[in-house]
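Participant: below: sequence and its predicted model.
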Amino acid sequence: MSPLRSSDHVVVVGAGVAGWRLVESLRREGYEGSLTLVGDEPHAPYDRPPLSKQVLSGKWDLDKVTLATPEKIKASRATLRLGVRATGLDAEHTTVFLADGTALGATHVALATGALARALSFPSSGALATLRNYDDVARFETTLQSLAPESVVVIIGGGFVGGEAATSIKARGFTPVVLEVAPRPLIGVLGDTVSAWLETIGADVDIEVRVNQHLRDVRPHDGGFEIDFDEGPSLLAGAILAAVGSSLDLAWLEGSGLTLENGVVVDRDLQAAPNVAAIGDVARFSVTSALGEEVARIEHWEVATEHAGQLARYWTNGEGSTDVTIPYFWSDQYGKKIQMLGHPRPSDDVVMVEGSREAAKWLALFSREGYVTGAVSLSQPRGLALSKKLLEEPTTLRAALESAPWSI
């Protein structure tokens, strides 16, 4: 591949953290050519993780999540096309089509469109509020301001966003109730054993988490809602937030010439086609671990930012990635910090190596066929950081237990 030249034009579709970090990284790597950032929201690029934490809890104003300040936008020398959706892509001719009728011709196109909140609707109420973007939070904030103190706010979904939202809503003086369809929150992500270790942390801070909840309908009731279940009495709520996962919008890429399979399929250098790349949540990429490679799509903030830097280096100087990928994520909920390194499967074996469930502070290792595949911790950030070396090269569980780097 030929390095980018000053005569080139890079179009980045998606103005989230991946897209904006790519703009910054391209300039940092020395690219001097034209650069256009397209975003379907009218807002300048902003950071999403604080929405369910600092913003929803009332600690931050919405403006504080902004990544691309006017000064940074000016310094980037990028053209921002905000509030307009991309409706099509001709990968062969690197042309992006926009909803306003514009056809953006480019030499390189990067797709950084992220994921959407999964919609949840019921026959009697229609679509419920979600928490994914700036406007979602602004609307829900208005709803919360209309409620009396200690009003019941139901969060449907006990995953990471659901737990974070419940924590923030509790801090605002309301009464959150989390409804989870699975036997335990996070069981589909962290597996049976780890989810069991975490199942009481909501109750420890007086937040009710109900599991095995099967909702039949949600009906407007006296300015709020009434939730009907397949079994048991109904539940009244002043407000409801749906936090049931994410989905991808790939319809606009149909017929583009790209391979679409639970994301945009890319190679090790994040290339989906000649001069077309995908990064962040939307990319289905090759995860290079110490134990080999697997193709996956990972919705982590850290992955999005790392992809941005990796693609900028590849496009500017042809530097391909040879590093081992060690995904990382964190979640602040119920007064605790959950962190994980690696890309373990929920079915992997797991052993607690430090702390205890009773103390609500511990570190555990995932393993498969005798080799360490990941590390997860509850309020043990130092131990987790020290365990990262176990994922940088093939490490047997036995060797990990003998060396115990977390205790150094």
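Facilitator: Yep, that arrived.
Participant: and the helices in the stretch 51-200 of the chain?
Facilitator: 70-76, 134-145, 160-171, 187-198 (DSSP state H, counting those that start in this stretch).
Participant: tell me which of those lies nearest to Ala290.
Facilitator: Comparison of those against Ala290 by Cβ to Cβ identifies helix 187-198 as nearest, at 20.1 Å. Glycine gets a C-beta too; all of them are placed from N, C-alpha and C.
Participant: what residues sit buried inside the helix or strand that the closest one is followed by?
Facilitator: For helix 187-198, the succeeding helix or strand toward the C-terminus, using DSSP states H and E, is helix 201-204. Residues Ile201, Gly202 are the ones in helix 201-204 that count as buried (16 or more other Cβ atoms under 10 Å).
Participant: before we move on, the earlier item: turn the helices of the stretch 51-200 of the chain into TSV, including distance to Ser121, mean neighbour count and mean pLDDT.
Facilitator: Below are those laid out as TSV (distance: least, Cβ to Cβ, whole Å; neighbours: other Cβ atoms under 10 Å; pLDDT from 0 to 100):
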stretch	distance to Ser121	mean neighbour count	mean pLDDT
helix 70-76	37	13	97
helix 134-145	15	15	96
helix 160-171	17	25	97
helix 187-198	22	18	97
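Participant: got the contact list for the helix ranked longest in the chain?
Facilitator: Identified as the longest helix of the chain according to DSSP state H is helix 301-317. With Cβ atoms under 8 Å, 6 or more residues apart in numbering as the test, helix 301-317 has contacts from 1, 3-4, 10, 16-19, 21-22, 24-26, 28-31, 48-49, 108, 110, 112, 114, 269-271, 277, 279-281, 283, 285, 319-321, 325, 327-329.
Participant: and the chain, what are its domains?
Facilitator: Per the record, the chain has its domains at 9-115+248-317, 118-245, 344-407, by automatic domain parsing.
Participant: what about the first one, how long is it end to end?
Facilitator: The reference is to domain 9-115+248-317. 16 Å (Cα to Cα, to the nearest Å).
Participant: ok, then the element right after the longest helix of the chain?
Facilitator: Counting by DSSP H and E, what follows helix 301-317 is strand 328-333.
Participant: and that following strand, what does it pack against?
Facilitator: Applying 3 or more Cβ pairs under 8 Å, 6 or more residues apart in numbering; DSSP states H and E, one finds that strand 328-333 contacts helix 160-171, helix 301-317, strand 336-342.
Participant: nearest to Pro220, of these?
Facilitator: Nearest of the helices and strands packed on strand 328-333 (Cβ to Cβ): helix 160-171, 20.3 Å.
Participant: just want the angle from that closest one to strand 328-333.
Facilitator: 30 degrees (axes from the mean of the first three to the mean of the last three Cα atoms, to 10 degrees).
Participant: closest one to Tyr334 among the domains of the chain?
Facilitator: For Tyr334, the closest of the domains of the chain is domain 118-245, at 4.4 Å, according to Cβ to Cβ.
Participant: endpoint to endpoint, the closest one covers what distance?
Facilitator: First-to-last distance for domain 118-245 - Cα to Cα - comes to 6 Å.
Participant: can you check stretch 22-37 too?
Facilitator: Stretch 22-37 has an end-to-end distance of 10 Å (Cα to Cα).
Participant: contact partners for Pro327?
Facilitator: Counting by Cβ under 8 Å, 6+ apart, Pro327 has contacts Val287, Ile298, His300, Glu302, Val303, Leu341, Gly342, His343.
Participant: now it: how far from Leu341?
Facilitator: Going from Pro327 to Leu341 by Cβ to Cβ, to the nearest Å gives 7 Å.
Participant: ok, now Leu186?
Facilitator: 16 Å.
Participant: again with Glu354
Facilitator: For Glu354, the distance to Leu341 - Cβ to Cβ - is 14 Å.
Participant: the two: who's more crowded?
Facilitator: Leu341 (24 against 17; other Cβ atoms under 10 Å).
Participant: report the buried members of the contacts of helix 301-317.
Facilitator: The buried subset of the contacts of helix 301-317 - by 16+ other Cβ under 10 Å - is 4, 10, 16-19, 21-22, 24-26, 29, 31, 48-49, 108, 110, 112, 114, 269-271, 277, 279-281, 283, 285, 321, 325, 327-329.
Participant: which stretches in the stretch 151-300 of the chain count as strands?
Facilitator: In the stretch 151-300 of the chain, the strands defined using DSSP state E, counting those that start in this stretch lie at 152-156, 175-179, 208-210, 215-221, 224-229, 235-237, 239-242, 246-247, 264-265, 271-273, 276-278, 283-289, 292-296.
Participant: take those strands and write them to CSV, including mean pLDDT and distance to Asp100.
Facilitator: Supplementary listing: these in CSV, determined by pLDDT from 0 to 100; distance: least, Cβ to Cβ, whole Å:
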stretch, mean pLDDT, distance to Asp100
strand 152-156, 98, 35
strand 175-179, 98, 41
strand 208-210, 98, 45
strand 215-221, 97, 36
strand 224-229, 97, 37
strand 235-237, 98, 40
strand 239-242, 98, 30
strand 246-247, 95, 25
strand 264-265, 98, 23
strand 271-273, 98, 25
strand 276-278, 98, 22
strand 283-289, 91, 26
strand 292-296, 90, 35
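Participant: now, of those, which is deepest in the fold?
Facilitator: strand 276-278 (a mean of 27; mean count of other Cβ atoms under 10 Å).
Participant: partner strands of that one, parallel or antiparallel?
Facilitator: Its sheet considered, strand 276-278 pairs with strand 108-111 (parallel), strand 271-273 (antiparallel) by DSSP bridges.
Participant: and the contacts of it?
Facilitator: The contact list for strand 276-278, computed with Cβ under 8 Å, 6+ apart, reads 89, 91, 94, 108-112, 258, 263-264, 266, 269-272, 284-285, 311, 315.
Participant: repeat that with 7 Å
Facilitator: Ala91, Thr94, Val109, Ala110, Leu111, Leu258, Val264, Val266, Leu270, Gln271, Ala272, Leu311 (Cβ atoms under 7 Å, 6 or more residues apart in numbering).
Participant: which one of those is nearest to Leu147?
Facilitator: For those, the closest approach to Leu147 (Cβ to Cβ) belongs to Leu111, at 39.3 Å.
Participant: if I look at the closest residue in space to that closest one that isn't next to it in sequence, how far off is Tyr328?
Facilitator: Distance criterion Cβ to Cβ, 6 or more residues apart in numbering; nearest residue to Leu111, sequence neighbours excluded, is Ala278 at 4.2 Å. As judged by Cβ to Cβ, Ala278 and Tyr328 stand 20 Å apart.
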